[in-house]
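Asker: based on what follows, work out the 3D shape:
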Amino acid sequence: AALEELICGASAVLLQREIPEEVNLAVARFACAAGVPVLQDVGGEDRPIDDELLREVAYVCPNETELERLTGMAIGSEAEILAAGRSLQSRGAR
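Answerer: As a prediction, this is how the structure comes out:
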């Protein structure tokens, strides 16, 4: 109950990749249901990000290296960066 109270009283929740995915997903689901925006820091641990988590997150702001890692797409030009960003959006990112 203490975690839920903290989340409900927060202006936003920031998730870290170093935290286990199932924990991030549970926190994101609760925060989203409570109307608390969720931000996902995609730096840190190099692993795939679950599409279900992307759908719960209000903001994902990867740098170019992180975007390339998350999508597996080239990011050498502005068009490629936009395509990679759209790829994340097609998986649920907003």
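Asker: point to the residue nearest the middle of this structure.
Answerer: Compute the mean C-alpha point of the chain, and by C-alpha atoms, centre = their mean the closest residue is Q40, 3.6 Å away.
Asker: touching, it and V57? I think so.
Answerer: Yes: using C-beta atoms under 8 Å, Q40 is in contact with V57, at 4.5 Å. Backbone N, C-alpha and C define where each C-beta goes, glycine included.
Asker: list the residues that contact both of those two?
Answerer: Both Q40 and V57 are contacted by L15, A28, under the criterion C-beta atoms under 8 Å, 6 or more residues apart in numbering.
Asker: returning to that earlier point: residues contacting the residue nearest to the centre of the chain?
Answerer: By C-beta under 8 Å, 6+ apart, the neighbours of Q40 are L14, L15, R17, N24, A28, I49, L53, L54, V57, Y59, V60.
Asker: quick check: the second one touching V27?
Answerer: Yes: between L15 and V27 there is a contact under C-beta under 8 Å: 6.6 Å.
Asker: any residues in contact with both of these two?
Answerer: Residues touching both L15 and V27 (C-beta under 8 Å, 6+ apart) are V38.
Asker: residue ranges with poor pLDDT in the chain?
Answerer: Scanning the chain for pLDDT under 70 picks out 1.
Asker: what about the helices in it?
Answerer: Applying DSSP state H to the chain gives helices spanning 2-8, 21-33, 51-56, 64-71, 78-90.
Asker: all good on my end, thank you.
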